[in-house]
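1. fold the stuff below for me.
(one chain, ligands or ions: 1)
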Amino acid sequence: MLNQLTISELTAKLARREVSAREATQACLDQIARVDGKIHAFISHNAVDALAQADAADKAIAAGEKKPLLGVPIAVKDVLCVKNQPLNCASKILGNFISTYDATVIEKLKAAGAIVFGRLNMDEFAMGSSTENSAFGTTKNPWDTTRIPGGSSGGSAAAVAADECIASLGSDTGGSIRQPAALCGCVGLKPTYGRISRYGLVAFASSLDQIGPFTKDVRDAAILLGAMSGVDSRDSTSVPEPVPDYAAALTGDIRGLKIGLPKEYMIGGLDPEVKAAVDAAVKKYSELGAEIVEISLPHTDYAVATYYIIATAEASANLARFDGIRYGARVDGADPIELYAKTRGAGFGPEVKRRIILGTYVLSSGYHDAYYLHAQKVRTLIRNDFLKAFEKVDVIVTPTTPTAAFKIGEKSDDPLQMYLSDIFTISCNLAGICGISVPCGFTKNPKLPIGLQLLGKPFGEASLLKIAHAYEQATPWHKEKAAL
Ligand code: GLN
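-> Okay, the predicted model is just below:
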């Protein structure tokens, strides 16, 4: 079935004219019609527009045009601006807002020929780990619809795992690409901070946010990363590092490379089946000729606390713009202050309010130095731990999550338990480095995907992808599909 293909498989078939972009797009739309009632990965999608883009791609192919993503249907998390499409961030507060411009990544994907369609469900404003904080309902895990798909990019992960698109985009502030990718059994890449322009990504925590791909294999992640990377004058934090040919780095040969195993990551709450899968992956790496080196990241214990100060502080500032005046929904009041309060009171969900209140508190005079400034200092220590480790190793390996997907509702009343599900992914954002999650096995009963996280040096995506790809190609996990 065409909707099950990877980007590299589909573009090869399109180039040989064995299939058309319209057929591939229709296959995705048919799958959405068949399974999305159960999964709810999409908040909305416009089939007419998707097919019109497909027809334009078919014309370009017939005219002999060659572009890396020509005719490939790619769906997008509801946090990225796509011109003339709705933008809600899974919140009520944006009302009927329609994007007036394309995010830089969308511009780049369109220029590469992609069919950009659909609004994928997420936790409101990307705050959460389960997609239960959406104002549009919860997304279900395709492997077990009584369970969460992870979050905040749960719709992006579920849509790829359920073959409702060929690939998708998400954003990762503390794990929101890698964690749902792990729980849904797909590949999720968080690039180095500054690798990809954030222009047109609705900001949650600006010093942590990065856009990245969800794909069915590592090669596709390399292809999408290449298409989206590069400096952008509209995002001053994007970095003018050259963009290598990431797919060319996937040689399969990792002999002599050094893989670091942090001793701090084998924590108490780690599920035994997850631990066994990661241990087996490490063994596989040594069989493939890599050298396993024990390393230490001594400030790991402080990562979750540090993140929840910095991320909430930045969120409280970023979300000030949703005031009922400029965007979306408005609840009128007798004066502007009442209008703001009523609009924000009605528009934001409970988790977003909790973050705004926490963030405002840690920035308030008298507490700023004790919390925010302190957290910034600890953040530097965490980054230094990684930079020191990377003097000795090429990548670091960890579980992506402490457990496989949990039940819907299991942690929704306990924010701290929910925050702890990101314990392995958060440090990467604080340090500004890159990370990927690849499938590394399944739990037995029920059968749920397990993810292996690899963390790489700043702008070290080429080696990260090469090492992830070598493992993927030596194991069967990425080929398994959820029964739907
Ligand atoms: N789950 C984390 C949070 O709730 C990370 C979210 C993200 O990466 N956007 O903040």
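2. residues in contact with Asp301?
-> Glu264 (C-beta atoms under 8 Å, 6 or more residues apart in numbering). Backbone N, C-alpha and C define where each C-beta goes, glycine included.
3. for it, grab phi and psi.
-> phi -60, psi -20 (degrees, to the nearest 10).
4. from Thr139, how far out is it?
-> Distance check for Asp301 against Thr139: by C-beta to C-beta, to the nearest Å, it reads 31 Å.
5. which residues touch the lengthiest helix in the chain?
-> Longest helix in the chain, counting residues (DSSP state H): helix 21-39. Contacts made with helix 21-39 from outside it, assessed by C-beta under 8 Å, 6+ apart, are listed as 1-3, 5, 10, 14, 42, 45, 47, 50-51, 53-55, 57-58, 61, 70-73, 115, 117-118, 139-140, 142, 145, 149, 158-159, 162-166, 484.
6. hmm, 6 Å instead?
-> When contacts are defined by C-beta atoms under 6 Å, 6 or more residues apart in numbering, helix 21-39 is touched by residues 2-3, 10, 42, 47, 50-51, 54-55, 57-58, 71, 73, 115, 140, 142, 145, 158, 162-165, 484.
7. ok, of those, which come out buried?
-> By neighbour count, with 16 or more other C-beta atoms under 10 Å, those hold 2-3, 10, 42, 47, 50-51, 54, 57-58, 71, 73, 115, 140, 142, 145, 158, 162-165 as buried.
8. do you know the pLDDT at the nearest residue to Gln417 once chain neighbours are set aside?
-> Spatially, and ignoring its direct neighbours in sequence, Gln417 is nearest to Lys411 (4.6 Å; C-beta to C-beta, 6 or more residues apart in numbering). We have a pLDDT of 93 for Lys411.
9. check Phe406 too.
-> 97.
10. tell me how many other residues surround it.
-> The tally of other residues near Phe406 (other C-beta atoms under 10 Å) stands at 21.
11. all further residue positions should be reported with the first residue as 352.
-> OK, 352 is where the count begins now, so the last one is Phe757.
12. next one: phi and psi at it?
-> phi -90, psi 170.
13. can you give me the helices for the stretch 702-835 of the chain?
-> 725-740, 766-771, 777-782, 812-824 (DSSP state H, counting those that start in this stretch).
14. comparing the ones you listed, which comes out most buried?
-> Comparing the helices of the stretch 702-835 of the chain by mean neighbour count (mean count of other C-beta atoms under 10 Å), helix 777-782 comes out on top with a mean of 28.
15. residues contacting that helix, please?
-> By C-beta under 6 Å, 6+ apart, the residues outside helix 777-782 that reach it are 525, 559, 654-655, 658, 730, 733-734, 737, 786, 806.
16. need the per-residue pLDDT for the residue nearest to Lys817 when sequence neighbours are not counted.
-> With sequence-adjacent residues excluded and distances taken as C-beta to C-beta, 6+ apart, Lys817 is closest to Ala600, at 4.6 Å. Listed pLDDT for Ala600 reads 98.
17. count the neighbours of Ala600 for me.
-> Counted with other C-beta under 10 Å, the neighbours of Ala600 add up to 16.
18. contacts only, for it.
-> By C-beta under 6 Å, 6+ apart, the contact set of Ala600 is 813, 816-817.
19. dump these to JSON lines, plus pLDDT and distance to the ligand.
-> Listed next are the contacts of Ala600 as JSON lines, based on pLDDT from 0 to 100; distance: C-beta to the nearest ligand atom, whole Å:
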{"residue": "Ala813", "pLDDT": "98", "distance to the ligand": "24"}
{"residue": "Leu816", "pLDDT": "98", "distance to the ligand": "21"}
{"residue": "Lys817", "pLDDT": "98", "distance to the ligand": "25"}
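20. can you give me the strands in the stretch 402-551 of the chain?
-> With strands called from DSSP state E, counting those that start in this stretch, the stretch 402-551 of the chain shows them at 424-428, 466-471, 518-523, 538-541.
21. of all the ones you listed, which lies closest to the ligand?
-> Counting by C-beta to the nearest ligand atom, the ligand lies closest to strand 518-523 out of these; the figure is 4.9 Å.
22. need the residues of the stretch 502-651 of the chain near the ligand, please.
-> Residues of the stretch 502-651 of the chain lying close to the ligand (C-beta under 6 Å from any ligand atom) are 503, 523-527, 555.
23. farthest pair in those?
-> Pairwise distances across those (C-beta to C-beta) peak at 12.4 Å, for the pair Gly526 and Phe555.
24. any low-confidence regions in the stretch 602-751 of the chain?
-> Judged against pLDDT under 70, the stretch 602-751 of the chain has no low-scoring part.
25. and the residue of it closest to the ligand?
-> For the stretch 602-751 of the chain and the ligand, the shortest gap (C-beta to the nearest ligand atom) falls at Ala662, measuring 5.5 Å.
26. neighbours of that residue, how many?
-> For Ala662, the neighbour count with other C-beta under 10 Å is 26.
27. where does it fall, phi/psi-wise?
-> According to degrees, to the nearest 10, Ala662 has phi -60, psi -40.
28. the residue lying closest to it once chain neighbours are set aside: which element?
-> Nearest residue to Ala662 in three dimensions, chain neighbours excluded: Ala556, at 4.1 Å (C-beta to C-beta, 6+ apart). Here Ala556, judged by DSSP states H and E, is contained in no helix and no strand.
29. around the ligand, pick out the residues from the stretch 352-501 of the chain.
-> So the stretch 352-501 of the chain meets the ligand at 477-480 (C-beta under 6 Å from any ligand atom).
30. ok, these vs Leu670, which is closest?
-> Distance to Leu670 across these (C-beta to C-beta) is lowest for Met478, with 9.6 Å.
31. do you know the pLDDT at the closest one?
-> If you check Met478, the pLDDT there is 98.
32. can you check the one 10 residues further on too?
-> The score at Gly488 is 98. That number is its pLDDT.
33. how far away is the residue of the stretch 652-801 of the chain at minimum distance from the ligand from Ile605?
-> Relative to the ligand, the nearest point of the stretch 652-801 of the chain is Asp773 (4.7 Å; C-beta to the nearest ligand atom). Applying C-beta to C-beta, the value for Asp773 to Ile605 is 28 Å.
34. Gly698 now?
-> Taken as C-beta to C-beta, the span from Gly698 to Ile605 is 49 Å.
35. would you show me how to pick out the buried ones of the residues of the stretch 352-501 of the chain next to the ligand in ChimeraX?
-> Command for ChimeraX that selects the buried part of these, burial taken from 16+ other C-beta under 10 Å:
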select :477,478,479,480
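36. what's the most distant pair in the residues of the stretch 352-501 of the chain next to the ligand?
-> Largest separation among those by C-beta to C-beta: Ala477 and Ser480, giving 10.4 Å.
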